[in-house]
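S.K.: Provided below for reference: sequence and predicted model.
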Amino acid sequence: MNLLIADNNDSFTWNLYQLCREARAENIKVIRTGELGEKDIDTADRIIFSPGPGLPCEFPGMSRILENYRSKRIMGVCLGMQAIGLHFGASLMNMDQVKHGRQEKIKIIKPDYIFQNTGECFEAGLYHSWVISQVNFPPCLEITAVSNNNKIMAIRHKSLDIRGVQFHPESFLTPAGKIILTNWINY
């Protein structure tokens, strides 16, 4: 199995890499999103869009992958999830209260294999100021988890193997993070 982490210039990328290694992922490549070549993407079985600063439009490589490689298993983390949402027609909203280094309870509202063995609720680390809006949420996506204030924390595509989490599974503030990534890698 070849895993590609599309790095959106974020310091958490290497934490994500380490957690993937602990989850027994093999052949992991970390490449800056703007430097990804066709061969890098073609040879990947699974792709993770890393967190990152700013907005998804500043990293157009993610949308290109979603357009041209949608048959691959893809997971977006934080900014990566926002990119998935935007690509499929969602919009973003700026948070009234920025969540940087905050731990909150996440509630699973639709079963998904990535959440097997996490319990119905779990604590997760948040580091964001933007979230996907529930207003005019696209019908091709579904919300699988929300925060305690009902903000979207996880999504999946209804017919493609594409998922996203707004929280950071690689953060020490997300004790179930290794379980979630292991489920995604090994499903």
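M.R.: Structure's in. What do you need? Numbers count the residues shown, from 1 in each chain.

S.K.: Going along the chain, name the strands of this structure.
M.R.: Using DSSP state E, the strands found in the chain span residues 3-7, 28-32, 46-49, 73-77, 92-108, 121-132, 141-147, 152-157, 162-165.

S.K.: if I look at the nearest residue to Ser71 once chain neighbours are set aside, how far off is Leu141?
M.R.: Closest residue in space to Ser71, ignoring its immediate chain neighbours: Leu160 at 7.4 Å, by CB to CB, 6 or more residues apart in numbering. Using the backbone N, CA and C atoms, a C-beta is placed for each residue, glycine as well. Per CB to CB, to the nearest Å, Leu160 is found 10 Å from Leu141.

S.K.: Asn183 touches Gln116, doesn't it?
M.R.: Yes: contact criterion CB atoms under 8 Å: Asn183 and Gln116 qualify, at 5.3 Å.

S.K.: of the two, who's got more company?
M.R.: Asn183 (18 against 12; other CB atoms under 10 Å).

S.K.: show me what contacts the closest residue to the more buried one other than its chain neighbours?
M.R.: Nearest non-adjacent residue to Asn183, counting by CB to CB, 6+ apart: Ile114, 4.8 Å away. Listed by CB atoms under 8 Å, 6 or more residues apart in numbering, the contact set of Ile114 reads 75, 154, 163, 165, 180, 183-184, 187.

S.K.: Please list only the buried members of these.
M.R.: 75, 154, 163, 165, 180, 183-184 (16 or more other CB atoms under 10 Å).

S.K.: could I get those as TSV with distance to Asn2 and pLDDT?
M.R.: Below are the buried ones among the contacts of Ile114 laid out as TSV (distance: CB to CB, whole Å; pLDDT from 0 to 100):
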residue	distance to Asn2	pLDDT
Met75	14	98
Ala154	24	99
Arg163	18	99
Val165	21	99
Ile180	20	98
Asn183	19	98
Trp184	15	98
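
S.K.: any idea which of those residues is closest to Ile84?
M.R.: Arg163 (7.9 Å; CB to CB).

S.K.: ok, the closest one touching Val77?
M.R.: No: Arg163 sits out of contact with Val77 when judged by CB under 8 Å, with a separation of 10.0 Å.

S.K.: what residues are shared contacts of those two?
M.R.: Joint contacts of Arg163 and Val77 (CB under 8 Å, 6+ apart) do not exist.

S.K.: Quick one: residues in contact with stretch 15-31.
M.R.: 1-7, 13-14, 40, 44, 46, 48, 50-51, 77, 169-171, 177-178, 181-182, 185-186.
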